[in-house]
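In: predicted model and sequence follow; I will ask about them next.
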Amino acid sequence: MLGKKTSPDTAIIGMGRTGCSVARFFDARGVTYVAFDEKLQSLPEDIHGALRSGPLHARELKKFSRMIVSPGIAWQHPALLAARQSGVQMLGDLDLFREHYSGDLLAVTGTNGKSTVVHVMGQLLEVLPGGVEIGGNIGIPMLDMLAQKTVSPRAVLELSSFQLERCQSIRPRWAALLNVQPDHADMHADMQTYEAAKLRIFAAQGEGDAAMLPVDACWDDLAADLQKRSVRVCRFGQVQDVTQAGAGLLGAPDQRRIFWTATDGSSHEVAIDQVMVRGEHQHMNLAVAAQAAADFGVSQAVIRELLTAFRGLDHRLRYVGQHAGKPWYNDSKATNPDAAVAALNSFDQVIWICGGLTKGVDVLPMLAAVRAHVAQAFVIGKEPQAFVELLEKAGIDYQVMPDMNDAVAHAAKNDLSLPVLLSPAAASMDQFSNYAERGLCFTAAVAVLEKAA
């Protein structure tokens, strides 16, 4: 007699890149599950679970004992809230990775700069025996690392607030908080909730672990708490003396150096004029990555060589070329005001292409930087009003453009021989699929200028 067939007790919520990696992870281990997605109508052929399409309903979700919730699904979704309140266990892919990965975990979070820091860390740590895995919010989904024949003894994860928010517990051997700035207002209840999610990266750290925190006084209490738990804390920032921080930027603007500290306590430096990438925020990212490499025993010669050779990531203040008598820079990854201010501060004067989906974030705090560094602006996006108000307050000449191609064409015709900077200070989803598509559209439009010349 056949036994009674039992229903799966695991659900995967959201079948984007992360959800599909979770499904493949379960398939490889014989775990049955049901996948939920509000838009998807069918699963990729190599995924074997059942799919339920359409709106999420609490009555369905309450039938499961646990759910793996993808980062793109709002944690406060009413159906998820109801399921949580009924006792359903809510996890993220980070929980599964933590449970099955036995190597050294290095984790980086922050509003801006994560991808650059993780990318450079990966290049530096690759020289160590066994290399390094890179994933999470950058590169491959973290669970896909575990499907490889040989898994590196160390992994660097870029972690978003959404990934940390839904993780029950994580204990990185080395963790860095780069910054916490207003963003993702549409996906978190408030700024305090957003910050709390970021700080979960340190919650389980203890003796033998290391943490990097900005030098700002607002992080002093956290640093003290970590030190009480015997965590080795390194502060980083812009300082006048190496005794004020373990890593960061030293000296006056015309004599600035990137510095970091070796395990023997000695300080090491690279002059900014030897570095290829622009912007103090980029230079700070390099300092954090250098410190991570030094902490794990990478030679000082390798660190110096990488810092001076690094050209930057795509869509992150990346030099596109000289066209129409102007240098062009693609900073499409600047999806919030703080990132765009950092880019603007990297130039004396620019022709600025800005605009997009603000997600409720106020752009007026950019006023001082816009006044100081913008000579003319071209605004894109379906709702340009916030940027129009900003530019009018700043007294900057501007034009509202229907799309990126028009913005690039008009910027090229401008008589000013200044750099043209795409640094939108807003998300891209009003006109593009993501910031990368926006950046590619920009570079394609700039390339057309060369052909037309």
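Out: Right, received. Where do you want to start? Numbers count the residues shown, from 1 in each chain.
In: please tell me how far the spatially most central residue of the chain sits from A293.
Out: Taking CA atoms, centre = their mean, the centroid of the chain lies closest to K114, which sits 4.3 Å from it. Here K114 is placed at a distance of 17 Å from A293 (CB to CB, to the nearest Å). No exception for glycine: its C-beta is placed from N, CA and C like everyone else's.
In: cool, H410 as well?
Out: Distance of H410 to A293, computed by CB to CB: 43 Å.
In: same check, this time on A217
Out: Distance, A217 to A293, using CB to CB: 28 Å.
In: which one's more surrounded, the two?
Out: A293 (24 against 7; other CB atoms under 10 Å).
In: which stretches of the stretch 201-350 of the chain form strands?
Out: Using DSSP state E, counting those that start in this stretch, the strands found in the stretch 201-350 of the chain span residues 210-214, 232-239, 247-250, 257-261, 267-271, 318-323, 326-330, 350-354.
In: deepest of the ones you listed, which one?
Out: strand 350-354 (a mean of 27; mean count of other CB atoms under 10 Å).
In: export that one as CSV, just CAs?
Out: Output of strand 350-354 as CSV, limited to C-alpha atoms (Å, rounded to 0.1, in the frame of the first residue of the first chain):
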residue,chain,number,x,y,z
VAL,A,350,30.7,69.3,-14.8
ILE,A,351,27.8,69.1,-17.2
TRP,A,352,25.5,66.9,-15.2
ILE,A,353,23.0,64.4,-16.4
CYS,A,354,20.7,63.5,-13.6
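In: which other helices and strands contact whichever helix or strand comes after that strand?
Out: Using DSSP states H and E, the next helix or strand after strand 350-354 towards the C-terminus is helix 367-373. Here helix 367-373 touches helix 337-344, strand 350-354, helix 385-394, going by 3 or more CB pairs under 8 Å, 6 or more residues apart in numbering; DSSP states H and E.
In: and helix 367-373, how far out from the chain's middle?
Out: Distance of helix 367-373 from the chain centroid (CA atoms, centre = their mean, to the nearest Å) equals 25 Å.
In: who are the packing partners of the helix or strand following it?
Out: Note on helix 367-373: by DSSP H and E, the next helix or strand toward the C-terminus is strand 374-379. Judged by 3+ CB pairs under 8 Å, 6+ apart, strand 374-379 is in contact with strand 350-354, helix 385-394, strand 397-400, helix 404-413.
In: show residues contacting strand 374-379.
Out: With CB atoms under 8 Å, 6 or more residues apart in numbering as the test, strand 374-379 has contacts from 344, 349-355, 370, 387-388, 391, 394, 396-401, 406-407, 410-411, 414, 416, 418.
In: from those, list the buried ones, please.
Out: Neighbour-count burial (16 or more other CB atoms under 10 Å) is assigned, among the contacts of strand 374-379, to 344, 350-355, 370, 387, 391, 394, 396, 398, 400-401, 407, 411, 414, 418.
In: what is the neighbour count of Q385?
Out: Quick note: Q385 (other CB under 10 Å) scores 12 neighbours.
In: try D225
Out: As a burial measure, D225 scores 12 neighbours (other CB under 10 Å).
In: who's in contact with it?
Out: For D225, the contact set (CB under 8 Å, 6+ apart) is empty.
In: what separation is there between it and G103?
Out: Distance, D225 to G103, using CB to CB: 27 Å.
In: same question, A217
Out: Relative to G103, A217 is positioned 35 Å away (CB to CB).
In: likewise F25?
Out: Applying CB to CB, the value for F25 to G103 is 17 Å.
In: the more surrounded of those two?
Out: Each of F25 and G103 has its neighbours counted (other CB under 10 Å); F25 has more, 22 against 15.
In: the more buried one belongs to a helix, doesn't it?
Out: Yes: with DSSP: H, G, I helix; E, B strand; the rest coil as the criterion, F25 is part of a helix.
In: isn't it right next to L146, touching?
Out: Yes: using CB atoms under 8 Å as the test, F25 is close enough to L146 to be in contact (7.0 Å).
In: hmm, back to that, how about the helices and strands packed on strand 374-379, which one is nearest M90?
Out: Checking the helices and strands packed on strand 374-379 against M90 by CB to CB gives helix 385-394 as the closest, at 34.4 Å.
In: what is the burial count for D331?
Out: 28.
In: so how far is P337 from it?
Out: From D331 to P337 the distance is 13 Å (CB to CB).
In: the longest helix seen in the chain to helix 404-413, inter-axis angle?
Out: Determined from DSSP state H, the single longest helix within the chain is helix 435-452. In terms of direction (axes from the mean of the first three to the mean of the last three CA atoms, to 10 degrees), helix 435-452 departs from helix 404-413 by 50 degrees.
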